[in-house]
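*Asks:* Quick check, what structure comes out for this input:
(chains A, B and C)
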Amino acid sequence: METAEAAAAAPGQIADMARIAAAAAAADPFLPRVYRVRQARRELGDTVTLELQPESGAAPAFAPGQFNMLYRHGVGETAISISGASEDGAGFLHTVRKVGAVSAALAGLEPGAAVGVRGPFGSGWPLAAAEGADVVVVAGGLGLAPLRPAIRHLLARRERYGRVAILFGARHPRELLFRQELERWRARLDVDVMVTVDHADASWHGSVGVVTPLIRRAAFDPHETHALVCGPEVMMRFAAGALCDAGVPQSRIHLSMERNMKCAIGLCGHCQFGPAFVCKDGPVMRYDRIAGLLAVREI
Amino acid sequence: MERLDDLLAGHPFFAGMSPELRALIAGCARNHRFDAGQYLFRESGSADEFFVLRHGRVALELAQPGRAPVVFETLGEGEIVGASWLVPPYRWNYDARAATLVRAVGIDAACLRGKCEADHHLGYEMMKRFVPILVQRLHATQLQILDIYGNR
Amino acid sequence: MTQPAGPGKAAVIARAGLQQLLDALGAAGYEVLGPAVRDGAIVYDRIAKVDELPAGWTDRQDAGRYRLERRGDQALFGFVVGPQSWKRFLHPPVETLWSTRQEGERMEVTAPQPDATRYAFVGVRACEIRAIAIQDQVFCGGPFPDVGYAARRHNAFIVAVNCGEAGGTCFCVSMGSGPQATAGFDLALTELLDDAGHRFLVEAGSAAGTAMLQGIDRRAATDADLAAARAAVARAAGQMGRTMDTDGIRELLQRNAEHPRWDQVAERCLSCGNCTMVCPTCFCTTVEDHSDLAGTSAERVRKWDSCFTLEHSYLHGGSVRQSTRSRYRQWITHKLSSWFDQFGSSGCVGCGRCITWCPVGIDITEEAAALRTAAAAPNRGQDGTP
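*Replies:* Sure thing, here's the model as predicted:
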C-alpha cells in the first residue's frame, strides 16, 4: 500500500524509458531455483514440514513472516510461508498442509526430491520495532507456522523484549502443530504460553475454548505491546478486536493475511485485498490499515 | 462470614461492587473444594448454586452414549461456573468436572434469587455482571461452531 | 525507444510519405503493426502497405454496440479504437514463463528465449499511449519487473495518431488522456483531410522518431496545417460520447463498498469478463502447468485472466468473491480507485472499450455516476443503511 514512490513517477504521462530499460535487464523474478528436500517431517496427519536446501549455493536470508513460492515439476506452484530456517541455516523450513494438488504433491515429497523455489517474498513481522516492548503472539491452527520464526527470534533475543505471551488455539489436541517445540517454549520461565483447543476429551488437561478469551488472561502492558496474529481470517478479526478492547493500539496489531497469491510479485492481480497486494504489501499487514477492509464481505 | 466476603472481594466478578451488595451475596455463600475428577454438578441436576472459581480448572463437558465425553469449554481462576440458576426451571445442561484441584465459593441460588427479587438494585447489579459473561461465551461458541482451524 | 525528447518541428507528409514510413520501419527490422479490418471490426495486425489500413471506414459505438460503416471520404484513421489494444503485443494473452525437465529427481529450469521482437505500432491513440504508460508502471515500476514486457516495450517504436473524431463511448477528455498524444511516442500523426488535400501532420517525440523521418518525403508544416491539426483534435474533444466526473472518485468508491447499486449492476452483469479482456490496462494473469505425457517436460504458461472469474479469488476451500456483485465492485473499484494506491494513477484511460464490448451494455461512466448520485442523496434508510 506504500505507493508514494509510484505516485512520484507520474504514470500515464511520460514513459520512463530508463526504468523500462533497467527492467528489461533485470533478473527474471519468475524463474525458480532448484532446491532439494533434505528432510520431511510429519507434523500432523495432513501436514508436513519440509527442509529445503538449494542444490547449489546458499539460501537467501529471510525475514520471519515472509513466504516462498514452491514449485513441483508438472504440478504447479503455490505460496507457502517460511516456518523456520533449517538448523544449520543453510535452507528453509516450510510447513505444508495438503489442501490442493500442489500442496498435496509437496506434502508427499521424500528426502532428495527436487523443488523449485522463488523467494523469499513479502513483508515480515515487526520484530525490530517491537524491541523494548511486550509481545503478544496469537496463533490459530496452521497459523503458528509463519509465526514460528518470529517466536524463535524473540526467544533467541529474549533480553531485548518485555513480557512475551504466546496464545495458540487449535481444533483438537491431536492437531497442535509443533507440539514438542511448544513444550520447550512452555518450559521456559520467561514466556507465557497458553494453548487452547476447540474440542477435547477428558484426557486433555489443558484449556478448552477459542483463542480470543486468552487475550484477556495474558499479562502485558497494552500501551507498550506489539501483537502478531496469524490464523484463519475470522479468528484474526476477532483476535484483533479483543486486542483493541484490551487497549493495544491498532497500529501495533499485525495480521498475516492470506489471498490467492499466484505470482508473488504484484504482477498477476490475484491477491488484491482492497488497494493492497497481499504478496508485496503483505502478508504481514498493520491492522489499522486493513480494519475497514476486514469488515467488508467478499472484498 | 467475613472471610467469604473477603474471598469475593478479591474476585474479578465482584470488582467495583459496593461492599453492602457484596455482603448480601456473601450471606448466600459457602466454601467448596473439589479434587481433580470430582464433579461440581451433573447434567439435569438442580441448578441450585453457581460457583466463583478461586483456583484450579473446571471442564464443562457433554456425555454421549458410546463415546468419551466431549469437553467444550474450560474455566479457570477468576471466572464463574454456571448460569442455569438464573433461568427456570433451574436445571444444569452439562457436567462440570474439576480438571484439577478446584477451590471455589458456591452461591446458593434460591437464597440469591430471593434477595434479588427483594432488592432489584442487587438484581440489576447481578444481571450487569452476568450478561456480559453470557454474551462472551455465546460469542466464543459461535467461533467454535465455525470450526475455523480446518481452513488454515 | 520512446524518449521524452522535446517535440521536433512539425512536418507534413502525404499518403506516399506514410508508405515510406512503413517501409522504413520494416527496413529497420520492426514488425510493423497497425489497424486493419478483420471480421467486421478494426483490429491490430501486421501491415506492410498503406492500402491495408481501413481507408474509408469508421466505427459506430455505443453501449453493447459496435458497427463498421463506410465514410464519405478516404480517411485512413477515421475511426477510434476496436476490441483490441496494443496490450496483446506487449503483454501477450499467452506466454510461457519457463519450462522444466525432470528425470528422476534431477530438475532443470529453462528460461524462455529473450523476446527480441521489435514492434512498431502504427496508429496508437492518445488513450492507448496512456494505457501503455500505465502498464509500464505495473510491469516495470516495482522491484520485480516483468522482464519480457520490459524488453518488448523497450524495443517498441510508437507512431501515435491523434484523434480527429471521437467515438460514442469515448471519454478520454474526462480521464485527461486524450484526444491528443502529448508525449510517449516516437512519431505522432494528425490526419488532415480538407481542401488542401489528404495529408498528415507529423511530429517527432524522440530522437528515434526524428531519425526515422530522415528518408521520408516531407515539407515543413504551415500555420494553416497546424491550425487544421488543432481544429481536428478540438473537434474530437468536443464530441466525446461519454463523460466521467473523476472528482473525488477514488474516495467515492472506497466508501461505497456496500452501495445498493452493486446489486443492481449484478442483475445485468454476466460475469463474462469481456470488459477485462478489451481493457488496455487490465493486467491480471493466471498460470497453467502443461506437461508431456511422460511427465518429463513441463511448462508454466501464463494467460490473461479476469477478476470476473470465480477462480480469480480462489483460496483453498472456496472463492473470496462469490457474487457477481462483489466481482463487478472489485473490477470498477480497482480501475477507478485502488489503482491510485497501487500505481499512482487511475487505471482507466477513457477508451470506452468496456462499454462497447459489454454484451449487456453496462457503462462504467453510468455506474460511477450512479454511485455518486445515490451516495450524495441524503435520503437514507431509517436504520442508517443506504
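*Asks:* can I see the domain layout of the chain?
*Replies:* By default, I'm working from chain A. For chain A, whose domains are defined here by automatic domain parsing, the residue ranges read A:33-121, A:134-294.
*Asks:* my question was about chain C
*Replies:* C:11-237, C:249-375.
*Asks:* Pick out the residue closest to the middle of chain B.
*Replies:* Geometric centre of chain B, nearest residue: B:Val81, 1.9 Å, by C-alpha atoms, centre = their mean.
*Asks:* Check that one and give its pLDDT.
*Replies:* Here the pLDDT value assigned to B:Val81 is 96.
*Asks:* Quick check: the gap between it and chain C.
*Replies:* 36 Å (C-beta to the nearest C-beta, to the nearest Å). Where you see a C-beta, it was placed from the backbone N, CA and C, and this is true even at glycine.
*Asks:* so what's the closest residue in space to that residue that isn't next to it in sequence bridging to?
*Replies:* In space, and not counting its chain neighbours, B:Val81 is closest to B:Phe51: 4.1 Å by C-beta to C-beta, 6 or more residues apart in numbering or on different chains. On the basis of DSSP bridges, B:Phe51 is bridged to B:Val81, B:Gly106.
*Asks:* Could I get the contacting residues of B:Phe51?
*Replies:* Neighbouring residues of B:Phe51 by C-beta atoms under 8 Å, 6 or more residues apart in numbering or on different chains: B:32, B:40, B:58, B:80-82, B:96, B:104-107.
*Asks:* how about a cut-off of 10 Å?
*Replies:* Counting by C-beta atoms under 10 Å, 6 or more residues apart in numbering or on different chains, B:Phe51 makes contact with B:32, B:34, B:40-41, B:58, B:75, B:79-82, B:96, B:102, B:104-107.
*Asks:* element containing A:Ala219?
*Replies:* Under the criterion DSSP states H and E, no helix or strand holds A:Ala219.
*Asks:* neighbours around it, how many?
*Replies:* Per other C-beta atoms under 10 Å in any protein chain shown, the neighbour tally for A:Ala219 reads 9.
*Asks:* Could you measure from it over to A:Val229?
*Replies:* From A:Ala219 across to A:Val229, the span is 18 Å (C-beta to C-beta, to the nearest Å).
*Asks:* Any idea which residue of chain A lies closest to chain B?
*Replies:* A:Gly141 (3.2 Å; C-beta to the nearest C-beta).
*Asks:* That residue touches B:Leu146, doesn't it?
*Replies:* No - in this structure, A:Gly141 is not within contact of B:Leu146 by C-beta atoms under 10 Å, at 11.8 Å.
*Asks:* Between those two, which contacts overlap?
*Replies:* In contact with both A:Gly141 and B:Leu146: A:198, A:232, A:235, using C-beta under 10 Å, 6+ apart.
*Asks:* can you list those residues in JSON lines and add neighbour count and distance to chain C?
*Replies:* Below are the shared contacts of A:Gly141 and B:Leu146 laid out as JSON lines (neighbours: other C-beta atoms under 10 Å in any protein chain shown; distance: C-beta to the nearest C-beta, whole Å):
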{"residue": "A:Asp198", "neighbour count": "26", "distance to chain C": "17"}
{"residue": "A:Pro232", "neighbour count": "22", "distance to chain C": "10"}
{"residue": "A:Met235", "neighbour count": "27", "distance to chain C": "14"}
